[in-house]
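S.K.: from the sequence below, what's the structure:
(one chain, ligands or ions: 1)
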Amino acid sequence: MKEKENVRQRAVGILTSGGDAPGMNAAIRAVTRAAIVAGFKVYGIMRGYKGLITDEIQQFSTQNVSNIIQRGGTILKTARCKEFTTPEGRQCAYDVLQRHGIDCLVVIGGDGSLTGARIFANEFNFQVVGLPGTIDNDLYGTDSTIGYDTALNTIMDCVDKIRDTATSHERLFFIEVMGRDAGFLALNGAIAAGAEAAIIPEIATQVEQLDELIANGFRKSKNSSIVLVAESPQTGGAMGLAERVKQKYPDYDVRVTILGHLQRGGSPTAFDRILASRMGAAAVDALLDDQRNVMVGIKNDEIVYVPFTKAIKNDKPINSELMNTLRRLSI
Ligand code: ADP
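M.R.: Below is the predicted model of the structure:
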């Protein structure tokens, strides 16, 4: 008979890192519960890589993740951690994991967090699976990231409200949305809210086209005009654009709204809860299949596993059909 101690129970650590996103809690719940069902011990790691290094770790039962699916933010908290970008910091993190007997990690975060995960996994030959948790939707290989749909809906609600005041005063509004190097929130937010244009970092000519639109008096037949701008050095942000327009067209009543952090908050939409639940369960499948260095994604409603290198390095392309649709409908 085989000795019982040879069959060691596996242990998984879960952390959320980088920018928070609605639906991260649903993902934590899904990973925890699917892992417990599969026979893993589960450890919640607080404050991302920071808590990993400083050993802020506690064992999770199914109760630890009760009543969180509907909550925004992350119960594990999140942080940015400079130390983890150094070999010494990562060694420290590895030692902590060893001490707890944790043999695999699920990292929920964006581009930066998954970059850190990839480096760590390679350095220590450690099994890491990633979940795309970011409102920006800027990870390659997945149609959607956890939090994106909720942020998009928040933007749509805000633009609807701004349009009420914009229409009453016959104003031109530049509304700045998040998105760093990606225009998904600005473009799809513009379509969803019926805005006139979206200025996104992926398409350099947009700024010139905006001039053209204004010069041609695109406001003539309209009570108000709304332009969504992705916050990015490439676009100059909403403030930069508004200044330019004000100087060139002093007759226009131009206003700026920066939506800022409210885009990150709120209860996740049904879409994000379902996405996070499916991805969380799929992350545990990946651990059981001995997959490593992969991010869970969704393509055409099917779960896929994307190597970290692909998810991080490749730019996710903007669908040109969406841009055309926005243009055609903004007459
Ligand atoms: P996000 O995951 O939302 O893109 P960040 O880019 O801020 O957020 O990254 C989150 C954390 O991931 C960083 O604070 C750092 O600890 C870790 N990280 C990012 N890039 C690297 C890297 N090149 N090497 C190691 N760790 C990294």
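S.K.: how about the contacts made by the residue in the chain positioned nearest to the ligand?
M.R.: Closest residue of the chain to the ligand, CB to the nearest ligand atom: residue 112 (1.9 Å). Where you see a C-beta, it was placed from the backbone N, CA and C, and this is true even at glycine. Each residue near residue 112 by CB atoms under 8 Å, 6 or more residues apart in numbering is listed here: 17, 18, 80.
S.K.: the last one against residue 18, yeah?
M.R.: Translated: residue 80. Yes: the pair residue 80 / residue 18 is scored as a contact, 6.7 Å apart, by CB atoms under 8 Å.
S.K.: so these two - more neighbours on which side?
M.R.: More crowded of residue 80 and residue 18, by other CB atoms under 10 Å: residue 18, with 23 against 15.
S.K.: need phi/psi at the more buried one.
M.R.: Backbone torsions of residue 18, given as degrees, to the nearest 10, read phi 80, psi -150.
S.K.: that one and residue 50 touch, don't they?
M.R.: No: with contact defined as CB under 8 Å, residue 18 does not reach residue 50; the gap is 11.3 Å.
S.K.: still on that earlier bit, in a markdown table, list the contacts of residue 112 along with pLDDT.
M.R.: What follows is these, written out as a markdown table (pLDDT from 0 to 100):
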| residue | pLDDT |
| --- | --- |
| 17 | 98 |
| 18 | 95 |
| 80 | 95 |
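S.K.: which among these are in contact with the ligand?
M.R.: Contacts with the ligand within those, as defined by CB under 6 Å from any ligand atom: 17, 18, 80.
S.K.: so which bits of the stretch 201-331 of the chain are right by the ligand?
M.R.: Residues of the stretch 201-331 of the chain found near the ligand (CB under 6 Å from any ligand atom): none.
S.K.: the stretch 151-300 of the chain: helices as residue ranges?
M.R.: Secondary structure of the stretch 151-300 of the chain by DSSP state H, counting those that start in this stretch: the helices cover 184-193, 206-215, 237-248, 270-288.
S.K.: tell me which of those helices is the most buried.
M.R.: helix 184-193 (a mean of 25; mean count of other CB atoms under 10 Å).
S.K.: so who does the closest residue in space to residue 193 that isn't next to it in sequence touch?
M.R.: Of all residues beyond its chain neighbours, the one nearest residue 193 is residue 159 (3.6 Å), with distances taken as CB to CB, 6 or more residues apart in numbering. Residue 159 makes contacts with 175, 189, 192, 193, 195, 226, 228, as judged by CB under 8 Å, 6+ apart.
S.K.: can you put those residues in TSV and add distance to residue 151 and pLDDT?
M.R.: Below are the contacts of residue 159 laid out as TSV (distance: CB to CB, whole Å; pLDDT from 0 to 100):
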residue	distance to residue 151	pLDDT
175	14	97
189	9	98
192	11	97
193	13	96
195	16	92
226	18	91
228	13	95
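S.K.: how about the residues of the stretch 51-200 of the chain by the ligand?
M.R.: 80-81, 84-85, 109-113, 115-116, 119, 134.
S.K.: follow-up on the earlier one: so how far is the helix or strand the residue of the chain closest to the ligand falls within off the chain centroid?
M.R.: In this assignment (DSSP states H and E), residue 112 forms part of helix 111-124. Computed by CA atoms, centre = their mean, to the nearest Å, the chain-centroid distance of helix 111-124 equals 17 Å.
S.K.: low-scoring stretches of this structure, by residue?
M.R.: Judged by pLDDT under 70, the chain has its weakly predicted residues at 1-6, 205-206, 215-223.
S.K.: again, only using 50
M.R.: Applying pLDDT under 50 to the chain flags residues 1-4.
S.K.: and for residue 77, nearest residue in space, chain neighbours not counted?
M.R.: The spatially closest residue to residue 77, leaving aside those adjacent along the chain, is residue 47, at 4.8 Å (CB to CB, 6+ apart).
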